[in-house]
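Sharing a model that was predicted from the sequence below.
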Amino acid sequence: MFHLRVTPQFANTDGLGHINNIVLANWFEQARNPIFRLFTPDLAVNPDKWKLIMVRTEYDFLGELFYGRDVEIKSYILKIGNTSFTIGHEAWQNGLLRTRGKAVLVHYDFNLKKPIPITGDLRDTLNEHIVLPEDEDNDKKINIK
């Protein structure tokens, strides 16, 4: 599991004083960097080096996040397929799970425009970070305080 501590900025808030929902997409992307580095160690923007393409993201907003309190982002692997894998993300504030998300990425050759199998050491390393999901239905109840 990978951890990232984020300090919300005042600019991240919306008119209701909460952290705006779109901010989670940025925080979760930032939290994926250690996983990106497994595929592209220098995080090069050069398409000849980059080896991942995102095909899906989803978010469950379970409760409010607030300015002035750090947020812990947890990232882990949920599932590994032949050419794709699913990353799980969680945003925690004050010990409470506030947002859960998933991202599906494909191991991809941008020059050939086709997926690449995930094999060998790369698959083994991803397997080291698998976390089996708990019963998500229990956590999907909105908890606004």
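Right, received. Where do you want to start? Numbers count the residues shown, from 1 in each chain.

Check the spacing between the residue lying closest to Phe10 once chain neighbours are set aside and Gly95 real quick.
Spatial nearest neighbour of Phe10, excluding adjacent residues (CB to CB, 6 or more residues apart in numbering): Tyr67 at 5.8 Å. Backbone N, C-alpha and C define where each C-beta goes, glycine included. With distances taken as CB to CB, to the nearest Å, Tyr67 is found 18 Å from Gly95.

Between those two, point out the one with more neighbours.
Higher neighbour count among Tyr67 and Gly95: Tyr67, with 14 against 6, using other CB atoms under 10 Å.

The more buried one and Ala11 touch, don't they?
No - counting by CB atoms under 8 Å, Tyr67 does not reach Ala11; the two are 9.3 Å apart.

Show me the helices in this structure, by range?
In the chain, helices defined by DSSP state H lie at 21-31, 33-39, 120-127, 136-139, listed in chain order.

chain center to the first one: distance?
In terms of CA atoms, centre = their mean, to the nearest Å, the centre of helix 21-31 is set 8 Å apart from its chain centre.

For that helix, name the packing helices and strands.
Helices and strands touching helix 21-31, by 3 or more CB pairs under 8 Å, 6 or more residues apart in numbering; DSSP states H and E, are strand 2-6, strand 52-61, strand 71-80, strand 84-93, strand 96-109.

circling back to that earlier point, determine which stretch of the helices of the chain is the most buried.
Of all the helices of the chain, helix 21-31 has the most neighbours on average by mean count of other CB atoms under 10 Å, namely a mean of 17.

Quick check: the nearest residue to Asn12 once chain neighbours are set aside vs Asp124, distance?
Spatial nearest neighbour of Asn12, chain neighbours left out: Val23 (4.7 Å); criterion: CB to CB, 6+ apart. Distance, Val23 to Asp124, by CB to CB: 34 Å.

With Asn82 instead?
Distance, Asn82 to Asp124, by CB to CB: 15 Å.
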